[in-house]
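Chemist: Give the three-dimensional model of this entry:
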Amino acid sequence: MKIALISFGSRGDLEPVMAIGGELVRRGFETRMIANEDLLELPAPPGLEVCCIPLHVKSLLHREGDALLNARSPVKSLKILSEIILNNLYELSHTVFEKAKDCELILINERYYILAQNFIDHNKARVVQLCFQPKGATRQFPYLYYRPWFFHLFPNRLTHPFVNAMLLRKFMPAVNRMRADRLGLPPLRLWPLLRQKGKGLMLQGFSPSLFHRPSDWDKNLIVCGQWRETGKFPAALPQALEEFLARPGRTLCAGFGSMLYKENTLGKMLEAVARELNIKIIWIQNWNSTEEPGYEPADDRLFVLRECDHDALFPKVDAVLHHGGSGTVHSAARHGKPQLIAWFMLDQSFWASQIEVMGLGLNLGAFHDLDFERLKHHICLLFDGRPSADKCATTAQQMAHENGVVSAVDRIFS
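Modeler: So this is what the prediction gives:
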């Protein structure tokens, strides 16, 4: 059986899907991952075929991402992201089809489900949806990170198909044009497409220890646990960082993943906080940065590096300040570290709220509203025992028994 995994985005969108690809290869399947060119920067599991399309997300974000990352609102950020996707969708949909048209099983980020319908209609391929945050209609809460003012007029359960329908309607014209021009397929219709998406198997790559599955979710919505490569040794830390960690004092790790921000502004704020509170801060600068060599601190309480293996570093720090990406949320929780989250967009605001509700950290609000006094105050709260270290440790113990990748692949073939 030939299998294609399809995902687009930054590191946090690619690494979890690549981990599933590695497990499929280990089980003997011919597996191909199709993604944007940024995939080439990540180490692929042995045997996984990597197939890139001509789209570079780092460049795209530098060109068009300011509005997205400065939105200060999950609602605005979803609208802006959908416009960015739409601008690339016609060519994207054809290129993806050409690279996976011989595959019998398609695993695709649910955000791009509309592209998978081409495989269903052309060669009756089976499609499995993937996502990294809770998705699915429920009476317990409205759609998690798109909540316009009028949602209070809807029953909670209806807000979920509303958002799906809104996005599918936006993307359908570009995909239908490609289907007519290049595939000779009939146009998609909204309601049949929405129904098929809603009843398909959707694997969700987050920990049940961090979000409890709603009791009224449909059976096709499966919570697997975090998707990450297991069984590999953490990368060694630089000697200078080991020496920094060995110095006395509490240590905060700060990192904001693939997000864009003004490094000089943040660097000065982190230095001031480290000096005022007499703590050590390790700052992992952003994946998307174009500034070389990057911010140079004047205070030796701040240690700056470009990237670092979370599994090597997090066990050696006292707390983590980050953007609320699902991967970092899970890494910090898995190592029992309290979290401070200053979010930028989309589901990051949900994870910030969820971590606070679970008693595992504090929600600082939107990153671009963060200031020195707010950051200093919340770091003090964190180090004074809010949230509870016992709660963080208990959650880490629960997560230690999860293997999300194995659970996901088992469910695909069950």
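Chemist: Now for this protein, the helix or strand with the poorest mean pLDDT.
Modeler: helix 66-69 (a mean of 65; mean pLDDT, DSSP states H and E).
Chemist: Next secondary structure element downstream of that helix?
Modeler: Using DSSP states H and E, the helix or strand that follows helix 66-69 in sequence is helix 74-100.
Chemist: Show me what that next one is packed up against.
Modeler: For helix 74-100, the packing partners by 3 or more CB pairs under 8 Å, 6 or more residues apart in numbering; DSSP states H and E come out as strand 2-6, strand 30-36, strand 49-53, helix 66-69, helix 113-123, helix 156-178, helix 348-357. Yep, even glycine has a C-beta here, placed from its N, CA and C like the rest.
Chemist: out of these, which comes closest to Ser82?
Modeler: Nearest to Ser82, of all the helices and strands packed on helix 74-100, is helix 156-178, at 5.7 Å by CB to CB.
Chemist: what mean pLDDT would you report for that closest one?
Modeler: Average pLDDT, helix 156-178: 91.
Chemist: Show me what counts as buried in it.
Modeler: Buried positions in helix 156-178, judged by neighbour count with 16 or more other CB atoms under 10 Å: 159-164, 167-168, 170-172, 174-176, 178.
Chemist: swap in stretch 250-258?
Modeler: Within stretch 250-258, judged by 16+ other CB under 10 Å, the buried ones are 251-258.
Chemist: Outside of that stretch itself, which residues are in contact with it?
Modeler: Residues outside stretch 250-258 that contact it (CB atoms under 8 Å, 6 or more residues apart in numbering): 10-12, 57-58, 61, 245, 270, 279-288, 308, 313-314, 316-323, 325, 327-328, 342, 344, 367, 379, 383.
Chemist: Okay, strands next: where are they in this structure?
Modeler: Using DSSP state E, the strands of the chain run over residues 2-6, 30-36, 49-53, 105-109, 126-131, 202-204, 221-223, 251-255, 280-284, 302-305, 319-322, 339-343, 361-366.
Chemist: any chance of these in JSON lines, plus mean pLDDT and distance to Lys391?
Modeler: Formatted as JSON lines, these follow (pLDDT from 0 to 100; distance: least, CB to CB, whole Å):
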{"stretch": "strand 2-6", "mean pLDDT": "95", "distance to Lys391": "35"}
{"stretch": "strand 30-36", "mean pLDDT": "93", "distance to Lys391": "36"}
{"stretch": "strand 49-53", "mean pLDDT": "90", "distance to Lys391": "40"}
{"stretch": "strand 105-109", "mean pLDDT": "95", "distance to Lys391": "32"}
{"stretch": "strand 126-131", "mean pLDDT": "95", "distance to Lys391": "26"}
{"stretch": "strand 202-204", "mean pLDDT": "97", "distance to Lys391": "23"}
{"stretch": "strand 221-223", "mean pLDDT": "96", "distance to Lys391": "20"}
{"stretch": "strand 251-255", "mean pLDDT": "94", "distance to Lys391": "19"}
{"stretch": "strand 280-284", "mean pLDDT": "94", "distance to Lys391": "24"}
{"stretch": "strand 302-305", "mean pLDDT": "91", "distance to Lys391": "28"}
{"stretch": "strand 319-322", "mean pLDDT": "95", "distance to Lys391": "14"}
{"stretch": "strand 339-343", "mean pLDDT": "95", "distance to Lys391": "12"}
{"stretch": "strand 361-366", "mean pLDDT": "94", "distance to Lys391": "10"}
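Chemist: could those strands go into TSV alongside distance to Asn88?
Modeler: What follows is the strands of the chain, written out as TSV (distance: least, CB to CB, whole Å):
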stretch	distance to Asn88
strand 2-6	14
strand 30-36	10
strand 49-53	9
strand 105-109	15
strand 126-131	20
strand 202-204	24
strand 221-223	28
strand 251-255	28
strand 280-284	29
strand 302-305	32
strand 319-322	28
strand 339-343	25
strand 361-366	26
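Chemist: Nearest to Tyr145, out of the ones you listed?
Modeler: Among the strands of the chain, the nearest to Tyr145 by CB to CB is strand 339-343 (9.6 Å).
Chemist: what about the stretch 51-200 of the chain, any weak spots by pLDDT?
Modeler: 61-72, 74-75, 77-78, 81 (pLDDT under 70).
Chemist: got it, and the stretch 201-350 of the chain?
Modeler: Looking at the stretch 201-350 of the chain by pLDDT under 70, you get 233, 286-294.
Chemist: ok, which pair from the buried residues of stretch 250-258 is furthest apart?
Modeler: Between any two of these, the greatest separation by CB to CB is 23.5 Å, found for Thr251 and Ser258.
Chemist: how's this protein carved up into domains?
Modeler: Following automatic domain parsing, one finds the domains of the chain at 2-200, 239-399.
Chemist: out of these, nearest to Asp410?
Modeler: Among those, domain 2-200 sits nearest to Asp410 (CB to CB), with 9.4 Å.
Chemist: Leu158 and Arg189, how far apart?
Modeler: As defined by CB to CB, to the nearest Å, Leu158 lies at a distance of 20 Å from Arg189.
Chemist: do the same with Ile106
Modeler: Counting by CB to CB - Ile106 and Arg189 are separated by 20 Å.
Chemist: These two: who's more crowded?
Modeler: Ile106 (24 against 10; other CB atoms under 10 Å).
Chemist: what's the closest of the domains of the chain to Ser207?
Modeler: It is, among the domains of the chain and with distance given as CB to CB, domain 239-399, at 5.4 Å.
Chemist: ends of the closest one, how far apart?
Modeler: For domain 239-399, the first-to-last residue distance is 30 Å (CA to CA, to the nearest Å).
Chemist: Please state the offset of that domain from the chain centre?
Modeler: Offset of domain 239-399 from its chain centre (CA atoms, centre = their mean, to the nearest Å): 17 Å.
Chemist: so how far is Gly205 from the residue nearest to Pro134 when sequence neighbours are not counted?
Modeler: Excluding the flanking residues, the one nearest Pro134 by CB to CB, 6 or more residues apart in numbering is Phe211, at 5.5 Å. According to CB to CB, Phe211 and Gly205 sit 11 Å apart.
Chemist: Compare the two (neighbour count), which wins?
Modeler: Applying other CB under 10 Å to Phe211 and Gly205 shows that Gly205 carries more neighbours, namely 26 against 18.
Chemist: Spell out which residues sit in contact with Asp121, please.
Modeler: 185-186.
Chemist: now it: how far from Arg189?
Modeler: Asp121 is 12 Å from Arg189, by CB to CB.
Chemist: hmm, back to that, for the helices and strands packed on helix 74-100, which one sits closest to Ala396?
Modeler: Closest among those, once you apply CB to CB, is helix 348-357, at 13.3 Å.
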